[in-house]
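Peer 1: kindly generate the corresponding structure for this input.
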Amino acid sequence: MKKMKSILAIMLVSIILLAGCGTGSESSSGSSSAGGNTKPAGSSVSDTSQKGEVHTLKYGFVDQGSGVATGLVGIAKDQGYFEEELAKVNAKIEIIPFTGAGPAINAALASKSLDAGAIGDVPALVAKASGIDTVMVAGGLADAPTYVVAQPGKGYKSLKDLKGKKVATQIGAYMQRVLYLMLENNGLKIDDIQFVNMTAKDAVNALAAKTVDAIVVSAAQSQTLASKGLGELLDSTEGHREWLNSTATVFNASYTKENPEVVKAFIKGLLRAREYAQKNPGDLRALQIKAGTPENVIDLVYPDLKNYSTLVEADKDVIGNLKSVAQFLKDNKLADSVVDIDAWYNPSFYNDALKESDSK
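Peer 2: Residues are numbered from 1 along each chain as shown. Below you'll find the model as predicted:
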């Protein structure tokens, strides 16, 4: 545990130091914009509109290597909803993929090279607890489970068999919490395994290369490995609703104060995407295929084509889950304080966008 906390502390210090640098983006650039000159992240609409320039909202998402935005963000991008809504407030959006997942997005938010992003509950709350001043404006609760996937043919029957073995997932990502909970459920602690810090993409490659014994990854990645004979599903969050992870759409707090109309326009784009997805779920499926998820895995993980069309509003279940995660991080010494979720989440942007939108 001491080793884990020291690694996490180093990561947090790195994030804070990046805030004084001007860059922190570990990403491949994949932009979706509506024309005009790109301004640095953090600039305001008033600054650009006075000069007749178009303001750019820089938004980051967790990328598994394809550079394709899925879910409602992908729909809003492809259907032109972001372009249309943001144009009304003299703005556009640049959508940037981050293979470094939530921790990399946190670093970019801290350095102000990014204005907003969608990340898992653990990185979002670790960042907030460490002093990165963000505001949550939207969120959702994951329905698809998270799995521990082990090397095939090794005779592993449960997590107990992984004692002393190499288990990989990413520090500061939601999978870290899932691993802690699963280990505890099997009478183990994090110090009982050899923890290996890797991004999900690197962990998948490491399992295939047999350099680690098990990994903790998403349902789609797990089922893909299993379907190819590269891994065996050892344990999951199924049957443990309290273990599910939330996603949070966060903005730099200063950005929401300087550009409230842009934030609201962004959410209007998501609302239109939600309405479209409900009528055209096949387009959600097509985005997953474009992102590299095998069709048989999509049908297995997302049978109703709704699981990855997360709601824009953070309802009571999402808020309750986030409060549980915040307390977990403090109890396990992964955060120095418990984030006040009610103060962190600002529902006014969603509520105002809903009132002004044709999408209900």
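
Peer 1: correct me, but Gly65 touches Thr224?
Peer 2: No - the criterion here is CB atoms under 8 Å, and Gly65 misses it with Thr224 at 12.0 Å. Any C-beta I mention is one placed from the backbone N, CA and C, and that applies to glycine too.

Peer 1: more neighbours, the two?
Peer 2: Just comparing Gly65 and Thr224: by other CB atoms under 10 Å the higher neighbour count belongs to Thr224, 23 against 15.

Peer 1: tell me the secondary structure at Leu114.
Peer 2: Look at Leu114: counting by DSSP: H, G, I helix; E, B strand; the rest coil, its state is coil.

Peer 1: typo on my end, Val149
Peer 2: Val149, by the three-state scheme (three-state DSSP), is strand.

Peer 1: identify the residues contacting the residue nearest to it when sequence neighbours are not counted.
Peer 2: Residue nearest to Val149 in three dimensions, not counting chain neighbours: Gly231, with 3.9 Å by CB to CB, 6 or more residues apart in numbering. Residues near Gly231 by CB atoms under 8 Å, 6 or more residues apart in numbering: Val149, Ala150, Gln151, Pro152, Leu207, Ala208, Ile215, Ser222, Leu225.

Peer 1: which helix or strand contains the fourth one?
Peer 2: To tie it back to what came earlier, the one meant is Pro152. Pro152 belongs to no helix or strand when assigned by DSSP states H and E.

Peer 1: pretty sure it contacts Ser227?
Peer 2: No - counting by CB under 8 Å, Pro152 sits too far from Ser227 to count as a contact (11.9 Å).

Peer 1: quick one on the thing from earlier: most neighbours, which of the contacts of Gly231?
Peer 2: Ile215 (32 neighbours).

Peer 1: beta partners of it?
Peer 2: Val149, Ala168 (DSSP bridges).

Peer 1: what is the burial count for Ala206?
Peer 2: Count around Ala206 with other CB under 10 Å applied: 17.

Peer 1: I meant to write Pro145 there.
Peer 2: 22.

Peer 1: residues contacting it?
Peer 2: Ala219, Ser236, Thr237, Glu238, Leu244.

Peer 1: of those residues, which is the nearest to Ile190?
Peer 2: Nearest to Ile190 out of the contacts of Pro145 is Thr237 (CB to CB; 17.2 Å).

Peer 1: let me know the pLDDT of the closest one.
Peer 2: Predicted confidence (pLDDT) for Thr237: 89.

Peer 1: which residue is nearest the centroid of this protein?
Peer 2: Central residue of the chain (CA atoms, centre = their mean): Ile119, 2.4 Å from the mean position.

Peer 1: after the strand or helix carrying it, which helix or strand is next?
Peer 2: Assigned by DSSP H and E, Ile119 falls within strand 116-120. Counting by DSSP H and E, the element after strand 116-120 in chain order, helix or strand, is helix 121-129.

Peer 1: gap between that following helix and the chain center?
Peer 2: 11 Å (CA atoms, centre = their mean, to the nearest Å).

Peer 1: now do that helix: everything it contacts.
Peer 2: 8, 12, 15, 101-103, 105-106, 109-110, 134, 136, 172-174, 176-177, 245-248, 250, 321-322, 325-326, 329-330, 334-339, 344.

Peer 1: where does the prediction get shaky in the stretch 51-200 of the chain?
Peer 2: The stretch 51-200 of the chain contains residues with pLDDT under 70 at 51-52, 143.

Peer 1: state the distance from the residue nearest to Val149 to Gln288.
Peer 2: 20 Å (CB to CB, to the nearest Å).

Peer 1: what about the helices in the stretch 51-200 of the chain?
Peer 2: 71-78, 81-87, 101-110, 121-129, 174-185, 200-208 (DSSP state H, counting those that start in this stretch).

Peer 1: could you export these as JSON lines, including distance to Asp317?
Peer 2: Below are the helices of the stretch 51-200 of the chain laid out as JSON lines (distance: least, CB to CB, whole Å):
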{"stretch": "helix 71-78", "distance to Asp317": "18"}
{"stretch": "helix 81-87", "distance to Asp317": "26"}
{"stretch": "helix 101-110", "distance to Asp317": "21"}
{"stretch": "helix 121-129", "distance to Asp317": "12"}
{"stretch": "helix 174-185", "distance to Asp317": "16"}
{"stretch": "helix 200-208", "distance to Asp317": "25"}
